[in-house]
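Colleague: Make a model of this:
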Amino acid sequence: MLIEDAERVAEKINELERKREIAKSIKGYQTRAEKLETPSNLLKIYSAAITEFQKLGIVVDLKDCSPTAHMLKAHVIQIESDFETEPQNILESDEKLRHQFWELLEVNKFPNTVKSALLKAWRQYVDKLIPTRKTDLLDTLALVPALKSDAYQIHQLYDEVNQRRQRLPQTSSDFERLQTIRKKLAELWQRFGGDVIPEEVLKFLRSASSQNGARLVQLTPTVQDWLKEHNLEQSVRLVF
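Modeller: Presented below is the predicted three-dimensional model:
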């Protein structure tokens, strides 16, 4: 009787140990899965972005990503094979595996490298699509009450472009919005006759908007033609 009881107790202890090991393994699997989840999701997003970039002819330089990508792919194939043979292999703390695979993904090193390449390509695309902001010119135009509103709108659009330039596009609407901004900027600049305004016109506008005002000699035919073309003749007053 005593021996049988002891055997039953021993069996229960062994069963508890087996359950404990299973629970430990499950926790280990969950930890590995959690480590993969964030970088995996990021890489899916960046992969989709690369596809969209290619459709628009945006070249993404991924040469810094290739060595790591090939190495990770090789490890993934090996891990899958080992896992099919013995699931607990994925929990092993093999030094090479830990340093070359898990750590790269754990701190998002590889996803961040891909993101940097995408951001560089995106910013180059934005800079090529949108003309450079001419702050001094806009500030001069803003001195003229009749032009202040348009100049302010242009500044606002450039501010939006700068914000969008700092982050990757998420959907096709981000690309469409950039095209809309480009067209709107061209439309607003056209009201001034383009973003290249004769220097004598700019000097006149600066002087006329200052406390001392402009001199009569500054009201040249070029200035008069520009004021007439933009319906600003009635906005100019000559005083002594």
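
Colleague: Give me the domain ranges for this protein.
Modeller: Per automatic domain parsing, the domain ranges recorded for the chain read 2-126, 131-235.

Colleague: what's the least confident stretch among those domains?
Modeller: Among the domains of the chain, domain 2-126 carries the lowest mean pLDDT, a mean of 66.

Colleague: where along the chain do the helices fall?
Modeller: Secondary structure of the chain, counting by DSSP state H: helices at 2-55, 66-85, 95-97, 103-106, 109-129, 135-141, 145-165, 172-191, 199-208, 221-229.

Colleague: So which bits of the last one are buried?
Modeller: Of the residues in helix 221-229, those scored as buried under the neighbour-count criterion (16 or more other CB atoms under 10 Å) are 223, 226, 227. Bear in mind the C-beta positions are built from the backbone N, C-alpha and C, glycine included.

Colleague: Pretty sure residue 236 is one of the things the last one touches, is it not?
Modeller: Yes. Applying CB atoms under 8 Å as the test, residue 227 and residue 236 come out as touching, 6.2 Å apart.

Colleague: what residues are up against residue 174?
Modeller: residue 164 (CB atoms under 8 Å, 6 or more residues apart in numbering).

Colleague: And it, how close does it get to residue 131?
Modeller: 19 Å (CB to CB, to the nearest Å).

Colleague: For burial, what's the neighbour tally of the residue lying closest to residue 235 once chain neighbours are set aside?
Modeller: Excluding its sequence neighbours, the residue lying closest to residue 235 (CB to CB, 6 or more residues apart in numbering) is residue 146, at 5.2 Å. Neighbourhood size, residue 146 [other CB atoms under 10 Å]: 12.

Colleague: now residue 146: how far from residue 207?
Modeller: 17 Å.

Colleague: How about residue 181?
Modeller: Relative to residue 207, and taking CB to CB, residue 181 is found at 32 Å.

Colleague: same check, this time on residue 170
Modeller: Taking CB to CB, one finds residue 170 at 47 Å from residue 207.

Colleague: Over to residue 42?
Modeller: 55 Å.

Colleague: Could you tell me which residues make contact with the nearest residue to residue 125 once chain neighbours are set aside?
Modeller: What sits nearest to residue 125 in space, not counting adjacent residues and going by CB to CB, 6+ apart, is residue 58, at 4.9 Å. Neighbouring residues of residue 58 by CB under 8 Å, 6+ apart: 121, 122, 125.

Colleague: Nearest to residue 63 among those?
Modeller: residue 121 (12.4 Å; CB to CB).

Colleague: phi, psi of the residue nearest to the closest one when sequence neighbours are not counted?
Modeller: Leaving out its chain neighbours, the residue that sits closest to residue 121 by CB to CB, 6+ apart is residue 60, at 4.4 Å. Backbone dihedrals for residue 60, given as degrees, to the nearest 10, come out at phi -110, psi 120.
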